[in-house]
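Undergrad: Let me see the structure of the following:
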Amino acid sequence: MAQNRFPMGKGPSQRQLRVGELIRRTLSDVLLRGDVHDPDLNRISVTVGEVSTSPDLKIATAYVSPLGGQGGEEMLKSLRRNSAELRHLVAKGLTLKYAPELRFQMDETFDRLDETRRMFSDARVQRDIAAPDDDDAED
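TA: The predicted model follows:
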């Protein structure tokens, strides 16, 4: 029986994680050095939070945010406009058979973190956290 080329596991494979991290580091270095020939993009400090790759490693989605949180839409437009040049510059730093297509999405991790902090500061949640468990009382 033939094996499935893209297993439906619970998450990304070790190779996907390793390649995603390599792309993240290389992309961060390229943006930090200002290698892209676009003054609009070079003016913005971009934080690359995570890069996830497709199972065949041909598509890489970079989750990015502007330093300071201002100008996110402008940053995304600049990154998408220069994606071909970024792809070329990132591929030079990697030893992959194919240069992955770069896609860019806003990193909303910090927004979710703020929402989580807000939830934990709620009085009802604090009361539930401070209350002893019923399981502990039986022991």
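
Undergrad: Which element is encountered next along the chain beyond the strand or helix carrying Leu102?
TA: With elements taken from DSSP states H and E, the one containing Leu102 is strand 101-106. Note on strand 101-106: by DSSP H and E, the next helix or strand toward the C-terminus is helix 109-121.

Undergrad: longest helix of this structure?
TA: helix 14-33 (DSSP state H).

Undergrad: Tell me which residues are up against it.
TA: Identification of contacts with helix 14-33 by C-beta atoms under 8 Å, 6 or more residues apart in numbering yields 12, 36, 41, 46, 48, 50-55, 57, 60, 62, 86, 89-90, 93-94, 96, 100, 102. Just so you know, the C-beta spots here come from the backbone N, C-alpha and C atoms, and that holds for glycine as well.

Undergrad: related to what we said a few turns ago, list the neighbouring strands of the strand holding Leu102 plus their orientation.
TA: strand 59-66 (parallel) (DSSP bridges).

Undergrad: now the partner strand, how far from the centre of its chain.
TA: 5 Å (C-alpha atoms, centre = their mean, to the nearest Å).
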